[in-house]
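*Asks:* here is my input, please return the structure:
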Amino acid sequence: MKNRRSLLLLLLVMYFMPNAQAQLWQTDLPTAQKIALDSNRTILLVFSGSDWCVPCMRLEKEIWASDVFQTYAKDHFVLVRADFPKRKANQLPPEQEAKNGELAEKYNTNGYFPLVVLMDKNLTVLGNMGYQEISPAAYLELLIKLIP
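*Replies:* Numbering: from 1, shown residues only. The predicted structure follows:
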């Protein structure tokens, strides 16, 4: 009986909390491109250092996790994360490290973190930006201005 109540409570919380389900971040650009082509969405590629880059962590917490961004992104962006963690406990599988390295060689040649690269569905770069200490709505507005 107690387990049923707990399960019911959990389901109710998930139903009424819009952020209970996290954004779906891709880790493979070809997969993201296929989704973008099928859904006519823009690709948002983020280079982050999730366990060492303070502006990356702030971008995650303040912008990507916001209701404003998530509501817009679900219908307009295909999200791709290329993460470069440094702590041993957070290391990625070698195949993912290699994929992220290839993405960095092509789209982040200066090694900036965080770097947000906006691309059309054909992988044409529309523009890029980093972390800015502004509201989620203002950040989203800047991203939208990059789209022709």
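*Asks:* centre-most residue in the chain?
*Replies:* Leu79 (4.7 Å; Cα atoms, centre = their mean).
*Asks:* Validate this expectation: that one resides in a strand.
*Replies:* Yes - counting by DSSP: H, G, I helix; E, B strand; the rest coil, Leu79 falls inside a strand.
*Asks:* my guess is it contacts Thr27. True?
*Replies:* No - using Cβ atoms under 8 Å, Leu79 is not in contact with Thr27, being 10.1 Å away. Where C-beta positions appear, they are placed from N, C-alpha and C, glycine not excepted.
*Asks:* report the contact partners of the closest residue to Trp52 other than its chain neighbours.
*Replies:* Take Trp52 and drop its neighbours on the chain: the residue closest to it by Cβ to Cβ, 6 or more residues apart in numbering is Lys86, 4.7 Å away. By Cβ atoms under 8 Å, 6 or more residues apart in numbering, Lys86 lies in contact with Gly49, Asp51, Trp52.
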